[in-house]
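[1] Return a 3D structure for these sequence lines:
(one chain, ligands or ions: 2)
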Amino acid sequence: MAPHWSHLGPDHWYKNYPIAKGRRQSPIEINNKDVHYDRSLLPWFASYDPGAAKTILNNGKTCRVVFDDSFDRSVLRGGPLPGVYRLRQLHFHWGSSDDHGSEHVVNGVRYAGELHLLHWNPKYSNYLDAVRRADGIAVLAIFLQVRKTPKPEMKRILEEINAIKTKGKEAPFTNFDPSILFPKSHDYWTYHGSFTTPPCEECITWIVLREPIIVSSDQMAKLRSLSKNAENEPVLPLVDNWRPTQPRYFRMVSASFL
Ligand SMILES: NS(=O)(=O)N=C1NCCCN1
Ligand SMILES: [Zn+2]
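    Ligands and ions are numbered 1, 2, ... in the order given. Okay, the predicted model is just below:
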């Protein structure tokens, strides 16, 4: 059963989760005038084992692919990170049309969607412990930009959509290396923020890639064909699962590029 408040919009979350009005909330607007080029920032590297992919599911809020994170099997390292972080899951945010849907906004530009690859710091005993720590989580965020050409690497995920149309549906999803989804450039912005869904814990080192991946309008429509309702409930399209941007306050947004 979804929490009673879950039908209330993002502006109400703070009533149950005061941290949602915190000073380190996400997403944010990334504007060139506020960004600081940090030449000490290292490149980031993902070393993912395709065999770690397990299942794909519709949780009523997004389409999520889950990975085996019982050991350092698929990891993200480098960039702003102090060590390796274990890949736990990836998911998407998208709009009700191609002109919006991303969570982060860059110089006023909203993309059609945003892919999040969520990793946790294994210096903590488990994921639930990591979400309580300022350096517990690292999310690699990649914008989805609509052009005429579909992204063939998205095919695997989108082919499974028909098997997970409604909330609670899950299907096996194996032999998949999500780094095939990456754009050419590894240029990124980084800042400290939070989960963009409740409880909105402020535990995330965000690594937002400058280069979007190109998807087709039909591929976005496939994501929009998901439903937020369970199988035997009235149809509610799963769209606009993005949080509006939050105040940056005194946070530095660093860039790995000039
Ligand atoms: N969009 S986000 O910041 O990754 N937020 C998440 N909240 C719940 C767990 C997974 N991720
Ligand atoms: Zn997300």
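[2] contacts, neighbours, all on C-alpha from now
    Will do.
[3] Buried residues, stretch 122-133. List them.
    For stretch 122-133, the neighbour count (16 or more other C-alpha atoms under 10 Å) marks 122, 127, 130-131 as buried.
[4] Stretch 100-120 now?
    100-105, 110-120.
[5] what does stretch 121-129 contact?
    Under the contact criterion C-alpha atoms under 8 Å, 6 or more residues apart in numbering, stretch 121-129 has outside partners 72, 83-86, 120, 130, 135-138.
[6] Next step: those residues restricted to helices.
    residue 130 (DSSP state H).
[7] what residues does the chain put near ligand 1?
    Residues of the chain lying near ligand 1 by C-alpha under 6 Å from any ligand atom: 116, 195-197.
[8] What ranges does this protein have for its helices?
    Counting by DSSP H, the helices of the chain are 127-130, 155-159, 217-224.
[9] Single out the most deeply packed of these.
    Mean neighbours per residue, mean count of other C-alpha atoms under 10 Å, is largest over the helices of the chain for helix 217-224, with a mean of 18.
[10] and that helix, average pLDDT?
    The pLDDT scores in helix 217-224 average 98.
[11] likewise stretch 47-64?
    Regarding stretch 47-64, the rounded mean pLDDT is 98.
[12] and it, how far out from the chain's middle?
    Stretch 47-64 has its C-alpha centroid displaced from the chain centroid by 12 Å (C-alpha atoms, centre = their mean, to the nearest Å).
[13] got a list of contacts for it?
    65-69, 73-76, 87, 89-93, 160, 164-179, 223, 226-230, 238, 241.
[14] Endpoints of that stretch, how far apart?
    20 Å (C-alpha to C-alpha, to the nearest Å).
[15] buried sites along that stretch?
    Buried positions in stretch 47-64, judged by neighbour count with 16+ other C-alpha under 10 Å: 47-50, 52-64.
[16] again, but for stretch 73-83
    Quick answer for stretch 73-83 (16+ other C-alpha under 10 Å): 73-77, 79-81.
[17] and the one residue in the stretch 51-200 of the chain that gets nearest to ligand 1, what does it touch?
    Nearest residue of the stretch 51-200 of the chain to ligand 1: residue 195, at 3.3 Å (C-alpha to the nearest ligand atom). Contacts for residue 195 (C-alpha under 8 Å, 6+ apart) come out as 25-26, 201-204.
[18] cool, and residue 65?
    Residue 65 neighbours (C-alpha under 8 Å, 6+ apart): 53-57, 89-91, 173.
[19] Identify the spatial nearest neighbour of it, chain neighbours not counted.
    With sequence-adjacent residues excluded and distances taken as C-alpha to C-alpha, 6 or more residues apart in numbering, residue 65 is closest to residue 56, at 4.3 Å.
[20] so of the contacts of stretch 121-129, which ones are in strands?
    Under the assignment DSSP state E, those contribute 85-86, 120, 137-138 to strands.
[21] Sort out which of those are buried, if you could.
    Buried by 16+ other C-alpha under 10 Å: 85-86, 120, 137-138, out of the ones in strands among the contacts of stretch 121-129.
[22] Distance to residue 214 and pLDDT added to the residues you listed, as JSON lines?
    Formatted as JSON lines, these follow (distance: C-alpha to C-alpha, whole Å; pLDDT from 0 to 100):
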{"residue": "85", "distance to residue 214": "26", "pLDDT": "99"}
{"residue": "86", "distance to residue 214": "26", "pLDDT": "98"}
{"residue": "120", "distance to residue 214": "27", "pLDDT": "99"}
{"residue": "137", "distance to residue 214": "26", "pLDDT": "99"}
{"residue": "138", "distance to residue 214": "23", "pLDDT": "99"}
